[in-house]
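Asks: heads up, no residue letters with this:
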């Protein structure tokens, strides 16, 4: 893993260093100073440099370089995450704009933080709230010394994402289910690819240390809970990833999402759905090329969602040949115009009602070219946003909040589906 952490100034001088393994030495800093800092490569080259069988991974804060040295085959993402977390911790102790002088004036604090956040080259606890419990130097206000059991519980990372003693007059939870639809349809109308990627964003304003139980219409859970002939439809949810507050053991055992939420905004989970995707829009294009000087395009757009809903910020980009000189456009509603810089007819609709149909017809005049080339026909691209609609069919079944005081919680749920790569070949 990581053999040494160094902090260098803009001249390449070592301000502070901590050696965790004996396979590298401070002499390596000279190589980094000559080949990276003096050569001014930091701003133009990738932040990873291999010098004399030693890997240097670095990032900058103001005029300082935070450098990790290793001779092993480490995961670069892990090293960079540690460096970013290290800077975040120093900002909490020394201020957002800490500089070289504040680093030199707090050497004892920085060495303590280096020892607590890494052990034998392996990153340890980087949570600021936990570090403040037992490192009270710098600008951090001294606190009462915690009980040994409480301290052990915090250091092991049990609930370091939420502090105790939080209170609200109104206990509320806001849930946003945000989905992105990716679609690719061939020129013959067959679906080549369709998937939905989604995430659940939460904003919790809850008193104390409540435990929450969250339920979606997951197909495995629905089939398990339903008995008899009547079964409610469920959705096959794939590739779930969770915030670290979720108890993965319970999810693996019975697919229940149980957690003690952080205070404020956080991303609870991400998921993907590949089957039975409800496409918000259906597009039927038709292109007719008349020789080398004329081309006509018609496009029919049908909204598949409920008439009680509507789509906003709908933008449909219909490609046209590069040698287009004039265009005659007719559309049922919205605004459509030819934009030469995009080589497309851009059709913008502010509000598209559910179950509605609209037509676009375009007559193009083309300029003759010396060397005629066949038009490659790029796909039609669609952008949209549909509130209170999920293309995957996922919806929130329940959110239960359990607390010792048994207070009442207001819950608010919002669904938004937008286009990812929504393309139709013509």
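Replies: Noted; the coordinates are in hand. This structure is a prediction, so every number in the text was calculated from the model and none was measured.
Asks: Torsion angles phi and psi at the closest residue to residue 262 other than its chain neighbours?
Replies: Spatially, and ignoring its direct neighbours in sequence, residue 262 is nearest to residue 161 (4.5 Å; Cβ to Cβ, 6 or more residues apart in numbering). Heads up, the C-betas are built off the backbone N, CA and C, glycines and all. Dihedral pair for residue 161: phi -90, psi 0, per degrees, to the nearest 10.
Asks: And for residue 114?
Replies: According to degrees, to the nearest 10, residue 114 has phi -60, psi -40.
Asks: how close does the residue nearest to residue 262 get to residue 259?
Replies: 10 Å (Cβ to Cβ, to the nearest Å).
Asks: what does residue 277 give?
Replies: Distance check for residue 277 against residue 259: by Cβ to Cβ, it reads 28 Å.
Asks: who's more crowded, those two?
Replies: residue 259 (23 against 18; other Cβ atoms under 10 Å).
Asks: can I assume that one is in contact with residue 268?
Replies: Yes. Using Cβ atoms under 8 Å, residue 259 is in contact with residue 268, at 7.4 Å.
Asks: so what's in contact with the two at the same time?
Replies: 214, 243, 246 (Cβ atoms under 8 Å, 6 or more residues apart in numbering).
Asks: Just the residues you listed: which are in helices?
Replies: Of the positions in the shared contacts of residue 259 and residue 268, not one sits in helices, assigned by DSSP state H.
Asks: did I read that right, residue 32 in a strand?
Replies: No. Looking at residue 32 with DSSP: H, G, I helix; E, B strand; the rest coil, it is helix, so not inside a strand.
Asks: Please name the bridge partners of the spatially closest residue to it that is not a sequence neighbour.
Replies: Closest residue to residue 32 apart from its sequence neighbours, by Cβ to Cβ, 6+ apart: residue 56 at 5.3 Å. Beta-bridge partners recorded for residue 56 (DSSP bridges): residue 49, residue 69.
Asks: Can you get me a residue count around residue 56?
Replies: When neighbours are counted by other Cβ under 10 Å, residue 56 registers 23.
Asks: same question, residue 189
Replies: 12.
Asks: What confidence value was assigned to the residue nearest to residue 423 when sequence neighbours are not counted?
Replies: Among residues not flanking residue 423 along the chain, residue 379 sits closest, at 4.0 Å (Cβ to Cβ, 6+ apart). Per-residue confidence (pLDDT) for residue 379: 95.
Asks: For residue 170, grab phi and psi.
Replies: According to degrees, to the nearest 10, residue 170 has phi -120, psi 130.
Asks: That one and residue 205 touch, don't they?
Replies: Yes. Using Cβ under 8 Å, residue 170 and residue 205 qualify as a contacting pair, with a distance of 7.1 Å.
Asks: Have a look at the two and say which one is more surrounded.
Replies: residue 205 (16 against 11).
Asks: Now stretch 243-261: average pLDDT?
Replies: The model assigns stretch 243-261 a mean pLDDT of 89.
Asks: Pull out the buried residues from that stretch.
Replies: Buried residues in stretch 243-261, counted by 16 or more other Cβ atoms under 10 Å: 243, 245, 246, 251, 255, 257, 258, 259, 260, 261.
Asks: okay if I get those as a markdown table plus distance to residue 399?
Replies: Below are the buried residues of stretch 243-261 laid out as a markdown table (distance: Cβ to Cβ, whole Å):
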| residue | distance to residue 399 |
| --- | --- |
| 243 | 15 |
| 245 | 14 |
| 246 | 13 |
| 251 | 16 |
| 255 | 16 |
| 257 | 10 |
| 258 | 11 |
| 259 | 11 |
| 260 | 14 |
| 261 | 10 |
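Asks: Identify the bridge partners of residue 352.
Replies: As assigned using DSSP bridges, the partners bridged with residue 352 are residue 311.
Asks: which residues touch it?
Replies: With Cβ under 8 Å, 6+ apart, residue 352 has these contacts: 301, 303, 310, 311, 312, 314, 358, 384.
Asks: residues near the third one, how many?
Replies: Counted with other Cβ under 10 Å, the neighbours of residue 310 add up to 19.
Asks: ok, now the fifth one?
Replies: A count of nearby residues for residue 312, using other Cβ under 10 Å, gives 14.
Asks: ditto for the second one
Replies: Per other Cβ under 10 Å, the neighbour tally for residue 303 reads 22.
Asks: My understanding was that it contacts residue 355; is that so?
Replies: Yes. Contact criterion Cβ under 8 Å: residue 303 and residue 355 qualify, at 5.9 Å.
Asks: Quick one: residues contacting residue 403.
Replies: 206, 207, 208, 209, 210, 211.
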